[in-house]
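Novice: have a look; sequence and predicted model below, questions after that.
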Amino acid sequence: MNLVKLRDYWLKVRSYLPLSIRDRVLYIGNLFFASRIVKKNRELKNIHLSKRCFIIGNGPSIKNQDLTLLKNEITFVTNKFYLHKDFDKINPKYYTTIDPLSFEEDAGRIQLLKETQEKASNCMFFFPYWTASTIQKYNLFQKQKVYYLAIGGEMKENKCFHSDIDKPIPSLINVVLPNLFVAHYMGFKEIYLLGCDHDWLAQPSDAYPTHFYDKEPLYKKSFSLSYEKTIPYVLDLFRSYRLIKEKFSDVKIYNATAGGFLDVFPRVDYEEIVKNKK
């Protein structure tokens, strides 16, 4: 299926629809397309049954943790993690990016994707389904195995949302969250979180985004949010973690981040966990 031609055809057809109908057709069309593209994910069901994994966020705390201890573990990494000095030593297995800004079709963003592709050549990738046409258009990740996630909808109370990644899953505002869905689908029974500092409310609103790396590639100061706008984002994030914990009650999720604000999951000592593997 030529996704670039399919996208262009869909955009052309959509432009002729009345606005009142367009949104409804857009939702149905996206849902149909997403459902088709994520069927491939079924081959990942329970491939790591009863094992453990580590999901690594990009918070500044991982600068002070020896991540080389994870070289023999199954690891998920995210976004700009290819910038980490120990990337090659860790040799991550899975790589996820969901930020829409990462897939903007300008030269700078495409170059960053190419750098990720080159550095993380041994990784398996997860992207939002709507990036498929862009990835095909620029011949990205042709040598890597790529899976897509149908991200959309709402994280509802009472566990009323899909958890299987071969179906549309809720909108997820932080890249760590989809990795929890993927890890659960793969059958992991122990999941450890690293680099999930989530300390934005402890920083001034005009402070530079806090990551393990010193400079955000192509970061624009205009993207920074006021403190008032950041509070609902953080509330939504922590609520999402809670709902995932309730939904995935058959999995043990631990927070191995050094410090930080994430209090939804039990805390464990990272070095003790990796050095005392059963």
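Specialist: The structure has been received and is ready for your questions.
Novice: got a list of what the closest residue to Thr131 other than its chain neighbours touches?
Specialist: Nearest non-adjacent residue to Thr131, counting by Cβ to Cβ, 6 or more residues apart in numbering: Phe103, 4.7 Å away. For every residue, glycine as well, the C-beta is placed using N, CA and C. When contacts are counted by Cβ atoms under 8 Å, 6 or more residues apart in numbering, Phe103 touches 109, 113, 127-128, 131, 134.
Novice: likewise Gly195?
Specialist: 56-59, 61-62, 212, 257.
Novice: same question, Phe126
Specialist: Neighbours of Phe126 in contact, by Cβ under 8 Å, 6+ apart: 94-97, 146-149, 178-179, 182.
Novice: repeat for Gly260
Specialist: In this structure, Gly260 makes contact with 59, 61, 196-199, judged by Cβ under 8 Å, 6+ apart.
Novice: quick one on the thing from earlier: show me the contacts of Phe126 that map onto strands.
Specialist: Using DSSP state E, 94-96, 146-149 are the members of those that sit in strands.
Novice: show me what the longest helix anywhere in the chain is in contact with.
Specialist: If you go by DSSP state H, the chain has its longest helix at helix 227-247. Here helix 227-247 makes contact (Cβ under 8 Å, 6+ apart) with 155-157, 159, 161, 163, 170, 172-174, 177, 180-181, 198, 200-201, 204-205, 225, 253, 262, 264-265.
Novice: and the closest residue in space to Cys53 that isn't next to it in sequence, what pLDDT?
Specialist: Distances taken as Cβ to Cβ, 6+ apart place Ile74 nearest to Cys53, at 4.4 Å, with adjacent residues excluded. Listed pLDDT for Ile74 reads 98.
Novice: what distance do you get for Ile74 to Val182?
Specialist: 11 Å (Cβ to Cβ, to the nearest Å).
Novice: the more surrounded of the two?
Specialist: Val182 (23 against 17; other Cβ atoms under 10 Å).
Novice: thought that one was touching Thr96?
Specialist: Yes: taking contacts as Cβ atoms under 8 Å, Val182 lies within contact range of Thr96: 7.3 Å.
Novice: what do the two both touch?
Specialist: With Cβ under 8 Å, 6+ apart as the test, Val182 and Thr96 both reach 76, 126.
Novice: run a quick neighbour tally on the residue lying closest to Tyr213 once chain neighbours are set aside.
Specialist: Once flanking residues are discounted, Tyr213 sits nearest to Leu83: 4.8 Å by Cβ to Cβ, 6+ apart. Leu83: 17 surrounding residues under other Cβ under 10 Å.
Novice: pLDDT score for Leu83?
Specialist: Leu83 is given a pLDDT of 93.
Novice: same check, this time on Thr230
Specialist: 87.
Novice: quick one: it from Ser205, how far?
Specialist: 7 Å.
Novice: state the distance from the residue most central in space within the chain to Lys247.
Specialist: With distances taken as Cα atoms, centre = their mean, Val175 lies nearest the centre of the chain, 3.0 Å away. Using Cβ to Cβ, Val175 is found at 18 Å from Lys247.
Novice: how about Ser121?
Specialist: 34 Å.
Novice: quick one: contacts for the residue nearest to Asp250 when sequence neighbours are not counted?
Specialist: Closest residue to Asp250 apart from its sequence neighbours, by Cβ to Cβ, 6+ apart: Lys189 at 7.8 Å. Taking Cβ under 8 Å, 6+ apart, we find Lys189 in contact with 49-52, 250-252.
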